[in-house]
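> Sharing a model prediction with you, sequence too.
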Amino acid sequence: MKKEAADREAYVRKVHDGMHRYTQEIMAELEKHKRLLAGLEAEKRSLEEKADSVAELGLANTALRALADSLQGDIRRLQEEVTSLRTVSELRQREHHQLESQLERVRKETERDSARYAEIEQQNSNLANLYVASYRLHGTLDRKEVLAAIQEIIANLIGSEDAAIFEVDRERKTLGFVAGFGVEPDRCPEVAVGSGIIGRAAETGEIYVAGPDGPAAAAAHERDLTACIPLCLDGTVTGAIAIFKLLPQKPGVEDIDRELFELLATHAATALYCSGLHARHGLAPAGSGVSV
């Protein structure tokens, strides 16, 4: 009986110990599961937080994508505006170049018109001077006044205060000194027709104009000779006008001077002839000089 009781007690103790170990193991396993559960809970919360962050990032990404799309639209609009502005700028540049070309054409045309206007004004002035000179020569039959008119034309229109007027003596075939201003009679003695520059001009009837270096092969009395104008009446030389030094402000013989030479060649000859004829018939004082 005691042995059975001891066996039962040993069995009960063994069962009790086994149960205690089992309970300990269960408790340890429960503790392990608790820790695992706590870890899972923490990981869940972390995942939830990450999920929230991912959701926020998704929303942010969506917002950024919308912003990027908006910016892309703005960029396209800006590109279109830049293209439009570039087109407008190129158009403005072409218009600017066209305006510059038109302005240059207008400027050149203005310069041409101004030059033409100045030329016309000069021609009008020249015609007026020629008219005045012609009127002065034919406005009187007084020999002194005719000689004074010739002197004024040479001084005021041609620009010389040194000149001499000669008339032809057909019997002697010489040029005799009639009048002068700035030139004394002894400076210009009697000139044989065909001798020297003055004599050759009277012989040929051609107007002489000195070159830039002055008269070539000139006689002593022909120094500083600028021009010699034969006076012609009906194709016959009746005298000559010798023009010596020009005024300092006069650079040289100009086109209008040559026209004045042509005018003097005929009109001065006519005026001198008429005044001499008038004087010989006793209708007016002959004045100084030799008549034709």
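Yes, it's here.
> Okay, now the unreliable bits of the stretch 101-250 of the chain?
119, 122-123, 126-127, 130, 214-218 (pLDDT under 70).
> how about the strands in it?
Using DSSP state E, counting those that start in this stretch, the strands of the stretch 101-250 of the chain run over 163-169, 174-181, 191-192, 208-209, 227-233, 236-243.
> between these, which one is nearest to Ala51?
strand 208-209 (115.4 Å; C-beta to C-beta). Bear in mind the C-beta positions are built from the backbone N, C-alpha and C, glycine included.
> and the closest one, what other elements does it pack with?
Identification of packing neighbours for strand 208-209 by 3 or more C-beta pairs under 8 Å, 6 or more residues apart in numbering; DSSP states H and E yields helix 196-204, strand 227-233.
> what ranges do the helices span in the stretch 51-200 of the chain?
Assigned by DSSP state H, counting those that start in this stretch, the helices in the stretch 51-200 of the chain fall at 143-152, 196-204.
> In this structure Leu225 contacts Ala210, no?
Yes: with contacts counted by C-beta atoms under 8 Å, Leu225 reaches Ala210, the gap being 6.0 Å.
> For these two, indicate the residue with more neighbours.
Leu225 (24 against 20; other C-beta atoms under 10 Å).
> sorry, back to before: dump the helices and strands packed on strand 208-209 to TSV, plus distance to Leu157 and mean neighbour count.
What follows is those, written out as TSV (distance: least, C-beta to C-beta, whole Å; neighbours: other C-beta atoms under 10 Å):
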stretch	distance to Leu157	mean neighbour count
helix 196-204	20	21
strand 227-233	13	24
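> Now distance to Pro185 too, for these, in a markdown table please.
Listed next are the helices and strands packed on strand 208-209 as a markdown table, based on distance: least, C-beta to C-beta, whole Å:
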| stretch | distance to Pro185 |
| --- | --- |
| helix 196-204 | 14 |
| strand 227-233 | 17 |
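> Out of these, which is closest to Pro189?
Judging the helices and strands packed on strand 208-209 by C-beta to C-beta, what sits closest to Pro189 is helix 196-204, at 10.8 Å.
> Give me the helices and strands touching the closest one, please.
Using 3+ C-beta pairs under 8 Å, 6+ apart: helix 196-204 touches strand 163-169, strand 174-181, strand 191-192, strand 208-209, strand 227-233, strand 236-243.
> Try it again at 6 Å.
Judged by 3 or more C-beta pairs under 6 Å, 6 or more residues apart in numbering; DSSP states H and E, the packing partners of helix 196-204 are strand 191-192, strand 227-233, strand 236-243.
> That one: how far from the chain's middle?
Remark: helix 196-204 is offset 49 Å from the chain centroid, using C-alpha atoms, centre = their mean, to the nearest Å.
> Could you tell me the angle between that helix and strand 163-169?
50 degrees (axes from the mean of the first three to the mean of the last three C-alpha atoms, to 10 degrees).
> Specify the angle between the helix or strand Glu4 falls within and helix 143-152 in degrees.
Glu4 belongs to helix 2-138 when assigned by DSSP states H and E. Counting by the same axes, to 10 degrees, helix 2-138 lies at 160 degrees to helix 143-152.
> Would you confirm that Gly159 contacts Leu246?
Yes: Gly159 lies in contact with Leu246 (C-beta atoms under 6 Å); the separation is 5.3 Å.
> Shouldn't Gly252 be within a helix?
No: looking at Gly252 with DSSP: H, G, I helix; E, B strand; the rest coil, it is coil, so not inside a helix.
> Counting neighbours, what do you get for Lys144?
Lys144 has 16 nearby residues by other C-beta under 10 Å.
> list the contacts for the nearest residue to Gly252 once chain neighbours are set aside?
Take Gly252 and drop its neighbours on the chain: the residue closest to it by C-beta to C-beta, 6 or more residues apart in numbering is Leu246, 7.2 Å away. For Leu246, the contacting residues are 159-160, 226, by C-beta atoms under 6 Å, 6 or more residues apart in numbering.
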